[in-house]
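1. Sequence plus the predicted model coming up.
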Amino acid sequence: MNEQKKFLPEWYPQDAIMLTWPHKNSDWADNLTSVEKVYFELVKTIAEVEKVVIIFQDAKHQNHIIEQLTPIPQLDKQIIWVQAAANDTWARDHGPICVQDPEQNIIAYNFIFNGWGNKFDAELDNQINQNLFLQLKTKHHNIPLVLEGGSIETDGDGTLLTTKACLLNPNRNPEITADELEQQLKSLFSVEQILWLANGELAGDDTDAHIDTLARFAPGHTIIYQGCQDPHDHHYSALQKMAHQLTDFRDIHQQPYQLFELPWPSAQYNNEQQRLPATYANFLFINQKVLLPVYGVEQDQAAIEVMQNALPNHQIVAINCRPIIEQFGSLHCLTMQLPQGFLSSEV
């Protein structure tokens, strides 16, 4: 089933971005208005270059979303609606992970989502993909493995990047060994090697150190990573060790990656004085553009400049995600890319 299937890098051309719209019965209830403003900016920007698949709860919820999005031109041509009940809105982790077969057909993998190690109720989220596949008639395979999209990155050239803290956590797949997991991932995604980050985790991160909060592959043989330049911040030691490990990583051709370090944003806290996981590494590739989360802090402009230097062929669009980190995630966590061919990949 998995012979020579390619796990496409995120900058591969896309048909759409999937969003699971927040609702009043989710954890967003207390700040739904400010969060929906971020979703509006996401849809407006994405719809300029590709379609947006929106997961909605019911007809009332759909009508509410349409009302929110009315100012966006050509809305009816750019939105694909999929009805599915949801516990929460983190599409990166409950959404499908797509591969390309040797005939260049897109196949969606449907992994098990268990609420980041059974921390949160995820029964409804774990069924979203089945509704998506049914309504869009998508070719897919159900994979009996717990895996979230935010936990893995590929350079598109035979390498997978992840963290030991997440994928080797016993709250994910306790019945298999680390070696067995590595072999399964290599087979499923047809990669030759897996690079395991041993250090780095953000305070407030419920995911057990998803790679998309820390270090990301980019075109041009590049890794863009979240640095920490403040020796007084308790993240400093771990992120310095992570940065050093990244310098040691090699691709399948034994070549080092070009590294770009993102600035460390000023510490953010919620009303309960909990540290929030603000990271610039949680950016999103869309066609021709990169959406960069910013937080209204002094380091935002420097982050934009780093991204533009790292990605000279992409337009960098800053999206203020300060309301999003109140629920301990950011921009990339909200979204899942659906590569070119997904919308025509019928069973």
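-> Yep, that arrived.

2. Am I right that residue 36 is in a helix?
-> Yes: Residue 36 forms part of a helix when assessed by DSSP: H, G, I helix; E, B strand; the rest coil.

3. dump the residue contacts of the residue nearest to it when sequence neighbours are not counted.
-> Nearest residue to residue 36, sequence neighbours excluded (C-beta to C-beta, 6 or more residues apart in numbering): residue 68, at 5.7 Å. For the C-beta atoms, the positions are set from N, CA and C on the backbone; glycine is no exception. Contacts for residue 68 (C-beta atoms under 8 Å, 6 or more residues apart in numbering) come out as 36, 39, 40.

4. Type out the PyMOL command that picks the buried ones from those residues.
-> Buried members of the contacts of residue 68, defined by 16 or more other C-beta atoms under 10 Å, are picked up in PyMOL with:
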select buried, resi 36+39
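
5. circling back to that earlier point, now the one helix or strand the residue nearest to residue 36 maps to - C-alpha only, PDB.
-> Using DSSP states H and E, residue 68 sits within helix 59-69. This file holds the C-alpha atoms of helix 59-69, laid out as PDB (Å, rounded to 0.1, in the frame of the first residue of the first chain):
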ATOM      1  CA  ALA A  59     -26.600  25.100   9.300                       C
ATOM      2  CA  LYS A  60     -26.800  27.700  12.000                       C
ATOM      3  CA  HIS A  61     -23.100  27.700  12.400                       C
ATOM      4  CA  GLN A  62     -22.500  27.900   8.700                       C
ATOM      5  CA  ASN A  63     -24.800  30.900   8.300                       C
ATOM      6  CA  HIS A  64     -22.900  32.600  11.200                       C
ATOM      7  CA  ILE A  65     -19.600  32.000   9.400                       C
ATOM      8  CA  ILE A  66     -21.000  33.300   6.100                       C
ATOM      9  CA  GLU A  67     -22.100  36.400   7.800                       C
ATOM     10  CA  GLN A  68     -18.600  36.900   9.300                       C
ATOM     11  CA  LEU A  69     -17.000  36.400   5.800                       C
END
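
6. And for residue 313, the neighbour number?
-> 8 (other C-beta atoms under 10 Å).

7. Same question for the one 4 residues further on.
-> The local packing count at residue 317 equals 19, with neighbours defined by other C-beta under 10 Å.

8. mind checking the SS state of residue 228?
-> Strictly by three-state DSSP, residue 228 counts as coil.

9. where along the stretch 101-250 of the chain do the helices fall?
-> 115-118, 128-136, 164-167, 178-189, 236-248 (DSSP state H, counting those that start in this stretch).

10. okay, those helices in TSV with mean neighbour count and distance to residue 221 next?
-> Shown next, in TSV, are the helices of the stretch 101-250 of the chain (neighbours: other C-beta atoms under 10 Å; distance: least, C-beta to C-beta, whole Å):
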stretch	mean neighbour count	distance to residue 221
helix 115-118	18	31
helix 128-136	19	32
helix 164-167	21	24
helix 178-189	15	19
helix 236-248	16	13
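
11. would JSON lines of those helices with mean pLDDT and distance to residue 269 be doable?
-> Shown next, in JSON lines, are those (pLDDT from 0 to 100; distance: least, C-beta to C-beta, whole Å):
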{"stretch": "helix 115-118", "mean pLDDT": "96", "distance to residue 269": "22"}
{"stretch": "helix 128-136", "mean pLDDT": "97", "distance to residue 269": "31"}
{"stretch": "helix 164-167", "mean pLDDT": "97", "distance to residue 269": "23"}
{"stretch": "helix 178-189", "mean pLDDT": "97", "distance to residue 269": "35"}
{"stretch": "helix 236-248", "mean pLDDT": "98", "distance to residue 269": "18"}
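
12. Show the pLDDT at residue 235.
-> Looking at residue 235, its pLDDT stands at 97.

13. Once you drop chain neighbours, what's closest to it?
-> Distances taken as C-beta to C-beta, 6+ apart place residue 228 nearest to residue 235, at 4.8 Å, with adjacent residues excluded.

14. Then residue 238?
-> In this structure, residue 238 finds its nearest non-sequential neighbour in residue 199, 4.7 Å apart by C-beta to C-beta, 6+ apart.

15. mind checking how far the nearest residue to residue 129 once chain neighbours are set aside is from residue 326?
-> Of all residues not flanking residue 129 in the chain, residue 110 sits nearest, at 4.5 Å (C-beta to C-beta, 6+ apart). Using C-beta to C-beta, to the nearest Å, residue 110 is found at 29 Å from residue 326.

16. Of all the residues in stretch 55-66, which ones are buried?
-> Burial within stretch 55-66, assessed by neighbour count using 16+ other C-beta under 10 Å, is assigned to 55, 56, 57, 61, 62, 64, 65.

17. Pull the residues that contact it.
-> With contacts defined as C-beta under 8 Å, 6+ apart, stretch 55-66 is touched by 18-21, 23, 54, 75, 81-86, 91, 128, 131-132.
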